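1. sharing a model prediction with you, sequence too.
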Amino acid sequence: MEFIRVDGYEKVCGKAKYAADLYFDRMVYAKIKRSEHAHAKIKSIKFDKALKLEGVLDVVTAKDTPGDKKMGVVKMDQFPLADDKVLYYGDAVAVVAAVKESIAEQALELIEVEYEELTPVFSMEEALKKEAPVLKEGFEDNIVTHYPLIKGDVENCWDSCFKVIEREYETQFHEHAYIEPECVIAMPDEAKDSYVIYGSFQNPYSTRRSVARIMGTNLNKVKIIQANLGGSFGGKDDSMSVLACRAAVMAKKIDRPVKITYTREESMIDTYKRHPYKMKYKVGLTEEGKLKAMKIEIFADAGAYISMTPFVTWRSVVQATGPYEVENVRTDIYGVATNNPYTGAFRGFGSPQIVFAQESLMDELAEIMGMDGLEFRRINSFKQGSITASGQHLVDHKVSLEQVVNTVIESSDYLSRKEEFKKYNSNSERFKKGIGFACSYRGCSLGAEGTDATGAMVSVQQDGSIYVLAGLAENGQGLKTTFCKIAGDVFGVNLDKFNYISQDTSVMADGGPTVASRSTLMGGSAVKNAAEIIRDRISETVKEKLKADKIENIVYENGKVINREKNIEITFEEAVSAAYFAGINMSSYGWFKAPDVHWDEEKGQGPAYFTYVYGSQLAEITVDTFTGKISVDCVHAAHDLGNAINYQGSLGQIYGGVVQGIGYSIFEEVDVQDGKIKNTNLDEYFIPTVKDIGEIKPYIIENNDKYGPWGAKSLGEPTLELLSAAINNAVSFATGKRYYKLPLDLETIVVGKQLKRTSKRGSEA
């Protein structure tokens with residue numbers, strides 16, 4: 001069957017319209033006046049001088065907000081326009097609109113804001129002190145979320161352990177660095193209190209909720225239309241909702257379309273980052289090397305706004321012990337408010353941080369016990385029927401951890417390469433070779449953190465062409481192609497039959513966020529459901545023509561509708577035409593709700609997710625011990641995704657995840673000093689280039705899942721979460737030293753610590 005990307009033509013030919021490409025009649029341009037302080041009261045905002053500048057139309061502040069002044073994903077604590085207080089340097093205090101972007105930029109300098117500075121809090125340690133100012137209304141302290149997980153009795157088993165080891169790990173602020181900065185166009189619609197908003201939205205429905213709240217109107221009066229998206233990785237979720245609200249407030253006031261397009265610097269300053277984590281692990285082992293107890297304490301820097309912190313940290317607490325059987329567990333994770341840039345969703349969503357810690361820890365524990373990391377993991381890792389730290393019995397899906405680990409071990413010839421690298425290192429003074437691997441498990445979709453359901457529409461036309469639309473958004477990951485392929489497999493037709501309808505919240509029911517690698521699993525199931533309803537209607541119509549006793553005897557393949565028992569067939573187009581003239585409804589709405597899961601908030605126990613995926617990555621590296629440079633020579637990446645609906649797309653996910661993993665491991669850190677981002681462009685915030693990427697060897701493992709469409713599960717996020725630990729383990733093999741903090745930059749390797757940043761930067765404790 002022919003397989004093409006359904007949105008490939010327009011993107012390859014440069015015809016695809018991104019938000020920055022859009023223009024509407026009478027459209028004006030807006031820019032944002034930002035706070036000059038990390039923590040301060042707003043005494044006054046004067047913009048008379050700005051209004052006198054030729055070409056300026058108006059200025060809006062929080063006082064112009066028609067509805068509620070604050071919004072949020074979980075807690076309503078974020079002000080699109082700061083009201084009486086600013087909480088970080090990125091806070092918006094005013095928006096100015098002008099006929100040209102350059103004029104709006106000039107006008108910003110003419111807006112005068114008087115502040116009363118308040119005591120800022122830039123580290124989690126400072127924030128947790130009793131005397132620290134409480135940054136969030138309604139909270140007694142700066143802990144904005146806390147999740148415990150309790151299994152067994154940790155405190156009373158340390159004395160019976162053969163060895164007890166304690167280690168601490170730290171990760172950094174991490175920028176999404178998508179190729180397209182944010183852009184939004186808001187315009188008043190014809191009806192009263194109605195708005196149409198175009199933009200680079202990852203989650204149009206959550207944006208709609210925020211805009212309706214801020215504008216004081218109903219959901220059905222806000223239409224969000226998604227333009228083509230130039231990357232997101234989780235970064236264009238609530239940050240785009242905030243931006244849409246600012247544009248909508250201005251659009252209402254001046255009754256004209258308002259466009260806000262960020263520069264790279266504005267994008268870096270304004271949007272949330274990956275949470276920096278500080279993690280403490282205490283581990284007890286038996287004499288045989290079995291994990292007996294783990295006590296884990298994690299602190300996540302939430303920054304100025306709560307955003308996704310409750311969801312991100314909940315996933316972390318579920319998976320903090322890794323894919324290992326541990327009899328006694330106590331995990332506590334805390335989200336801490338500071339005056340740093342706020343943090344939220346980023347590919348991996350609470351997993352990359354803990355996988356770095358737990359998989360680095362596993363290698364060190366193995367070394368302490370005189371074992372190879374492979375042997376140690378095999379003793380402790382999940383098997384079919386294992387019980388997780390949250391008490392979940394792994395019986396409803398294939399626990400393929402051993403399979404993915406064995407794949408990278410065998411494909412890399414791991415044991416032989418270790419011996420080869422040892423010999424090389426003994427004869428080389430400057431360059432050292434390293435090899436290391438890591439493994440993980442990951443809960444699919446939203447799990448017990450929220451309602452998990454989505455819908456899709458499929459409509460077959462008289463000529464056999466087909467429309468598809470789902471309640472989840474295409475963010476560049478290939479969702480459109482995968483969904484059309486799922487429907488195509490139901491109807492037995494090629495992808496050239498399909499047209500995927502652009503995302504529009506007025507057309508489709510809210511299908512939840514495009515996060516948690518849930519698109520194929522959830523949205524694909526809804527598409528399959530809708531397509532099967534139509535297929536059965538068509539089959540019932542042509543049953544007599546095909547001389548079939550029942551519709552189950554009719555199959556759809558290669559553009560034909562076939563009764564195999566009597567070897568009678570017609571074309572798909574003929575079958576569709578017959579159904580059309582019989583008056584059959586060939587449009588259907590499909591819906592898929594995830595199987596029920598639950599969670600005990602007090603003890604952190606329960607089946608957190610209805611199914612899981614497993615992955616393993618192995619890195620071969622070279623370390624230049626004179627300069628500290630780490631070269632990633634080869635990465636072997638094995639991932640069980642259930643079933644690969646879009647095989648080429650699946651390979652792309654692995655390649656992309658590995659590259660982002662290299663950046664997270666070695667290069668990338670948002671340099672936050674006293675709450676202010678110092679590297680606000682890609683000339684100072686370093687991401688991997690093609691010259692930094694060695695060979696990538698992907699391995700797709702397939703074990704059909706009973707819940708997914710055609711057995712498919714998740715892939716996008718697991719491909720990122722593993723490599724930092726694999727590289728760290730490889731560096732330790734090469735240098736003989738252990739490292740506990742990301743990124744593994746030049747200074748860290750040469751002198752053991754970062755030299756270019758001050759001790760006051762936001763990711764420091």
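-> Arrived safely. Numbering: from 1, shown residues only.
2. the stretch 151-300 of the chain: helices as residue ranges?
-> Secondary structure of the stretch 151-300 of the chain by DSSP state H, counting those that start in this stretch: the helices cover 204-215, 238-254, 264-270.
3. out of these, which is closest to Gln461?
-> Among the helices of the stretch 151-300 of the chain, helix 204-215 comes nearest to Gln461, with 25.4 Å by CB to CB. C-beta: built from backbone N, CA, C; applies to glycine.
4. helices or strands up against that closest one?
-> Using 3 or more CB pairs under 8 Å, 6 or more residues apart in numbering; DSSP states H and E, the elements in contact with helix 204-215 are strand 195-199, strand 222-226, helix 238-254.
5. list phi and psi for the closest residue to Lys528 other than its chain neighbours.
-> Counting by CB to CB, 6 or more residues apart in numbering, Pro709 is the residue found nearest to Lys528 once chain neighbours are left out, at 4.4 Å. Dihedral pair for Pro709: phi -70, psi 120, per degrees, to the nearest 10.
6. against Asp84, how distant is the closest residue to Phe610 other than its chain neighbours?
-> Excluding the flanking residues, the one nearest Phe610 by CB to CB, 6+ apart is Pro595, at 4.1 Å. From Pro595 over to Asp84 the distance is 46 Å, taken as CB to CB, to the nearest Å.
7. so between these two, which is more surrounded?
-> Between Pro595 and Asp84, counted using other CB atoms under 10 Å, the more crowded position is Pro595 (13 against 10).
8. read off the pLDDT value for the more buried one.
-> Pro595 is assigned a predicted lDDT (pLDDT) of 93.
9. which SS class is it?
-> coil (DSSP: H, G, I helix; E, B strand; the rest coil).
10. so it is in contact with Tyr609, correct?
-> No: in this structure, Pro595 is not within contact of Tyr609 by CB atoms under 8 Å, at 9.5 Å.
11. rewinding a little: burial of the residue nearest to Lys528, as a residue count?
-> 29.
12. that one and Thr514, how far apart?
-> Counting by CB to CB, the gap from Pro709 to Thr514 is 16 Å.
13. and stretch 694-708, end to end?
-> The straight-line separation of the ends of stretch 694-708 (CA to CA, to the nearest Å) is 33 Å.
14. which secondary structure elements does the longest helix along the chain sit against?
-> Counting by DSSP state H, the longest helix found in the chain is helix 524-542. Judged by 3+ CB pairs under 8 Å, 6+ apart, the packing partners of helix 524-542 are strand 453-460, strand 466-470, helix 479-491, strand 554-557, strand 560-563, helix 572-581, strand 587-593.
15. show me what counts as buried in it.
-> Buried residues in helix 524-542, counted by 16 or more other CB atoms under 10 Å: 524-535, 537-542.
16. from the chain's centre, how far out does stretch 545-562 sit?
-> Centroid separation for stretch 545-562 versus its chain: 42 Å, with CA atoms, centre = their mean, to the nearest Å.
17. could I get the CA-only coordinates of it as CSV?
-> Output of stretch 545-562 as CSV, limited to C-alpha atoms (Å, rounded to 0.1, in the frame of the first residue of the first chain):
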residue,chain,number,x,y,z
LYS,A,545,-24.6,-7.6,-3.9
LEU,A,546,-21.6,-9.6,-2.6
LYS,A,547,-23.8,-12.5,-1.7
ALA,A,548,-22.4,-12.4,1.9
ASP,A,549,-24.3,-14.1,4.7
LYS,A,550,-23.0,-11.6,7.2
ILE,A,551,-20.9,-8.5,7.1
GLU,A,552,-18.1,-10.2,9.1
ASN,A,553,-17.3,-12.1,5.9
ILE,A,554,-16.6,-8.9,4.0
VAL,A,555,-13.0,-7.6,3.9
TYR,A,556,-11.6,-4.3,2.7
GLU,A,557,-8.1,-4.3,1.1
ASN,A,558,-6.2,-2.9,-1.8
GLY,A,559,-9.1,-0.7,-2.8
LYS,A,560,-11.5,-3.6,-3.0
VAL,A,561,-14.5,-4.8,-1.0
ILE,A,562,-14.4,-8.6,-1.0
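18. what does it rub up against?
-> Applying CB atoms under 8 Å, 6 or more residues apart in numbering, the external contacts of stretch 545-562 come out as 1, 490-494, 535-536, 538-540, 542-543, 563-566, 568-572, 574-575, 578.
19. please repeat the previous calculation with a cut-off of 6 Å.
-> 491-493, 536, 539-540, 543, 563, 565-566, 568-570, 572, 575 (CB atoms under 6 Å, 6 or more residues apart in numbering).
20. sec struct for the residue most central in space within the chain, please.
-> Centroid-nearest residue in the chain: Arg347, 3.0 Å away (criterion: CA atoms, centre = their mean). What three-state DSSP gives for Arg347 is coil.
21. next one: the nearest residue to it once chain neighbours are set aside from Gln202, what distance?
-> Distance criterion CB to CB, 6+ apart; nearest residue to Arg347, sequence neighbours excluded, is Phe233 at 4.4 Å. For Phe233, the distance to Gln202 (CB to CB) stands at 9 Å.
22. about what we covered before: correct me, but the residue nearest to Arg347 touches His176?
-> Yes: the pair Phe233 / His176 is scored as a contact, 4.7 Å apart, by CB atoms under 6 Å.
23. of these two, who's got more company?
-> Counted by other CB under 10 Å, Phe233 and His176 do not tie: Phe233 has more neighbours, with 25 against 22.
24. and Lys253, how many neighbours?
-> Around Lys253 there are 18 other residues, counting by other CB under 10 Å.
25. and it, what is it in contact with?
-> 58, 60, 64.
26. again, only this time at 10 Å
-> 57-60, 64, 66, 95, 97, 188 (CB atoms under 10 Å, 6 or more residues apart in numbering).
27. and these as a markdown table, adding neighbour count and pLDDT?
-> Formatted as a markdown table, those follow (neighbours: other CB atoms under 10 Å; pLDDT from 0 to 100):
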| residue | neighbour count | pLDDT |
| --- | --- | --- |
| Leu57 | 20 | 98 |
| Asp58 | 19 | 98 |
| Val59 | 26 | 98 |
| Val60 | 23 | 98 |
| Asp64 | 15 | 98 |
| Pro66 | 14 | 97 |
| Val95 | 26 | 98 |
| Ala97 | 26 | 98 |
| Pro188 | 20 | 96 |
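28. could you export these as a markdown table, including distance to Ser400 and secondary structure?
-> Shown next, in a markdown table, are these (distance: CB to CB, whole Å; DSSP: H, G, I helix; E, B strand; the rest coil):
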| residue | distance to Ser400 | secondary structure |
| --- | --- | --- |
| Leu57 | 59 | strand |
| Asp58 | 59 | strand |
| Val59 | 58 | strand |
| Val60 | 54 | strand |
| Asp64 | 55 | helix |
| Pro66 | 53 | coil |
| Val95 | 51 | strand |
| Ala97 | 55 | strand |
| Pro188 | 53 | strand |
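29. buried residues of the host helix or strand of Gly656, list them for me.
-> In this structure, Gly656 sits in helix 647-662 according to DSSP states H and E. Within helix 647-662, the residues scored as buried using 16+ other CB under 10 Å are 649-662.
30. cool, stretch 27-47 as well?
-> So stretch 27-47, judged by 16+ other CB under 10 Å, has buried residues 28-35, 37-40, 42, 45, 47.
31. in this structure, where is pLDDT below threshold?
-> Within the chain, the segments meeting pLDDT under 70 span 1-3, 756-765.
32. ok, and the closest non-adjacent residue to Gln106?
-> Nearest non-adjacent residue to Gln106 (CB to CB, 6+ apart): Leu53, at 6.2 Å.
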